[in-house]
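Enquirer: Let me see the structure of the following:
(chains A and B)
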Amino acid sequence: MNALTQTAALVAKDVRSELRTRYALNALLMFVITSVATILFALREDPASPEVLGGMFWVVVFFSAMSGLSRIFVSEEEKGTALTLQLIARPTVVYFGKLLFNCGLTLILTTAITVLYVLIFPQFTVQSVPIFAATVVLGSLGFASAATIIAAIIAKANTRGTLYPVLSFPILIPLLMTVMKSTARALAGEPLVSALGELQVLVSYVLIMTGGSFLLFDYVWKD
Amino acid sequence: MNDLILSVHGLARSFNRRLVFKDLDFSVAAPGSLAITGKNGAGKSTLVKILAGIASPTKGRVTYTADGKAVDADALRERMGFVAPYLNLYEEFTAWENLAILGRIRTGTVPSAEQIGDTLRRVDLWQRRDDLVAGFSSGMKQRLKYAMAILDAPAILFLDEPTANLDADGIAIVETVVRDQQRHGILILATNDESEASWCRERIHLAGRGTDARP
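Expert: Next up, the predicted model:
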């Protein structure tokens, strides 16, 4: 119970800090706006198929996430407050606090991109809302769980900026392939049962990534 | 956490091939204090971090017992204070917010307004309680670190370069904190300064490779 309130306190601290500094939020929103605008200019003369737009949707999510989600640990290292956190909070509290914050941030990110896509691209019509909603939620959780542990690892490195997407890409490939396939099914209007395989893969990815990260985090965080 | 005892057995730390210290054996029981002295690079800060559980030794172990039972790291964390120049608080928060937020993360309960107010008065930051830490001088930040360290009456207090950045009034505050801590808990102090080291009852000198313990 105590660990839960401590985790909630850490999430509240990060939300308050983010609202004041806009460390991650500004980076994410600027990336979303510029990348969606670039796609819009590129496709102006040649309307893309829903499958291509579905793929581009996750490309925007991937690169936006890479620009913002690492801040959760990098900002603690840059401000010199990582040591303070080590002193006052057990590693489990830090890991789940940061994971929950990144989950919230990724869900806001994917929701914002969905709204932009629906408004800007007439071809991007979600025919199967349950598949799309499940894909977006599970995909966001998968992105957040992978991004959190990779952020903890690269926060200690000197070449953080380039290391983050390079290290993330191979780990995120199974997730990206699955969400793209599932999104294509949602845009094509297939029934929910046809996407069960992809959704099971996404659930497994989230569980394995979260469990593995939890076991690894103590070693990454301490030294 | 009564009768807290810190015990160190065969402690060694090296970075790659460079040995910082080895074969450290000592213990400190509450109420008590230990000064760690040594030249720059002798490993004072490294030893303090290992004792506080935020760094790992290469060899040996650090144990805490209270009332004859082992104290785990989580229980100790809630009753531990730490002040060092390399420790930072959140500059985007006010002094009051830092104590309230970090106090809640540490123990799971929000410190009372009276507790926070009293602590800020002790370090003479009451007038600046609603100012962002980003606008604080380095000495004021150091005072706020003391406020954070003593907020929950720590059973063990670690001070690394305790008077860094502090003026005469700040040093007087530190002396009071040190005296209070030695009355009820354990104080571990790392310093180069002979007068600061003299505040403690026991001393260990890190001589680079190995140690030379003096009474």
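
Enquirer: So, low pLDDT: which residues of chain B?
Expert: Across chain B, residues meeting the criterion (pLDDT under 70) sit at B:1-2, B:209-215.

Enquirer: Which residue, other than its chain neighbours, is closest to A:Asn2?
Expert: B:Gly108 (4.1 Å; Cβ to Cβ, 6 or more residues apart in numbering or on different chains). The way it works is simple: take the backbone N, C-alpha and C, and place the C-beta from them, glycine included.

Enquirer: buried stuff in stretch B:64-81?
Expert: B:64, B:66, B:71, B:74, B:76-81 (16 or more other Cβ atoms under 10 Å in any protein chain shown).

Enquirer: Looking at those residues, spot the one nearest chain A.
Expert: Checking the buried residues of stretch B:64-81 against chain A with Cβ to the nearest Cβ, the nearest one is B:Asp74 at 5.2 Å.

Enquirer: show me what contacts the residue lying closest to the closest one once chain neighbours are set aside?
Expert: The shortest distance from B:Asp74 to any non-neighbouring residue, by Cβ to Cβ, 6+ apart, is to A:Arg90 (5.2 Å). Contacts for A:Arg90 were tallied using Cβ atoms under 8 Å, 6 or more residues apart in numbering or on different chains; they are A:3, A:6, B:73-74, B:77.

Enquirer: would you put the C-alpha positions of stretch A:100-107 in PDB?
Expert: Extracted in PDB, the C-alpha atoms of stretch A:100-107 (Å, rounded to 0.1, in the frame of the first residue of the first chain):
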ATOM      1  CA  LEU A 100       2.900   5.100 -15.700                       C
ATOM      2  CA  PHE A 101       3.900   8.700 -16.600                       C
ATOM      3  CA  ASN A 102       5.200   7.500 -20.000                       C
ATOM      4  CA  CYS A 103       2.000   5.500 -20.500                       C
ATOM      5  CA  GLY A 104      -0.100   8.600 -20.000                       C
ATOM      6  CA  LEU A 105       2.200  10.600 -22.200                       C
ATOM      7  CA  THR A 106       2.000   8.000 -25.000                       C
ATOM      8  CA  LEU A 107      -1.700   7.700 -24.800                       C
END
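
Enquirer: Now for the residue lying closest to A:Thr81 once chain neighbours are set aside, how many residues are close by?
Expert: With sequence-adjacent residues excluded and distances taken as Cβ to Cβ, 6+ apart, A:Thr81 is closest to B:Asn88, at 5.1 Å. As a burial measure, B:Asn88 scores 17 neighbours (other Cβ atoms under 10 Å in any protein chain shown).

Enquirer: Report how many residues lie close to A:Met66.
Expert: Using other Cβ under 10 Å: A:Met66 sits among 21 other residues.

Enquirer: can you list the residues of chain B near chain A?
Expert: B:52, B:54-56, B:73-74, B:77, B:80, B:82, B:86-93, B:97, B:101-102, B:104-109 (Cβ under 8 Å from any Cβ of the partner chain).

Enquirer: how does it look with 6 Å?
Expert: Residues of chain B found near chain A (Cβ under 6 Å from any Cβ of the partner chain) are B:54, B:56, B:74, B:82, B:87-88, B:90, B:92, B:101-102, B:104-106, B:108.

Enquirer: From the residues you listed, list the buried ones, please.
Expert: So, by 16+ other Cβ under 10 Å, the buried ones in the residues of chain B next to chain A are B:54, B:74, B:82, B:87-88, B:90, B:92, B:101-102, B:104-106, B:108.

Enquirer: what's the closest of those to A:Trp58?
Expert: Nearest to A:Trp58 among those, counting by Cβ to Cβ, is B:Glu92 at 32.6 Å.

Enquirer: Just give the nearest non-adjacent residue to that closest one, would you?
Expert: B:Glu92 sits nearest to A:Arg20 (Cβ to Cβ, 6+ apart), 4.5 Å away.

Enquirer: where does the one you found fall, phi/psi-wise?
Expert: The phi/psi pair for A:Arg20 (degrees, to the nearest 10) reads phi -80, psi -40.

Enquirer: got the residues of chain A near chain B?
Expert: Near chain B, when you scan chain A using Cβ under 6 Å from any Cβ, you find A:2, A:5-6, A:9-10, A:13, A:17, A:20-21, A:80-81, A:83-84, A:86-90, A:223.

Enquirer: give me the low-pLDDT residue ranges for chain A?
Expert: Looking at chain A by pLDDT under 70, you get A:1, A:223.

Enquirer: In it, which residue sits closest to chain B?
Expert: Counting by Cβ to the nearest Cβ, chain A gets nearest chain B through A:Gly80, at 3.7 Å.

Enquirer: What helix or strand is the closest residue in space to that residue that isn't next to it in sequence located in?
Expert: Closest residue to A:Gly80 apart from its sequence neighbours, by Cβ to Cβ, 6+ apart: B:Asn88 at 3.7 Å. For B:Asn88, there is no host helix or strand (DSSP states H and E).

Enquirer: ok so, going back, out of the residues of chain B next to chain A, which are inside helices?
Expert: Secondary structure from DSSP state H places B:74, B:101-102, B:104-106 of the residues of chain B next to chain A in helices.
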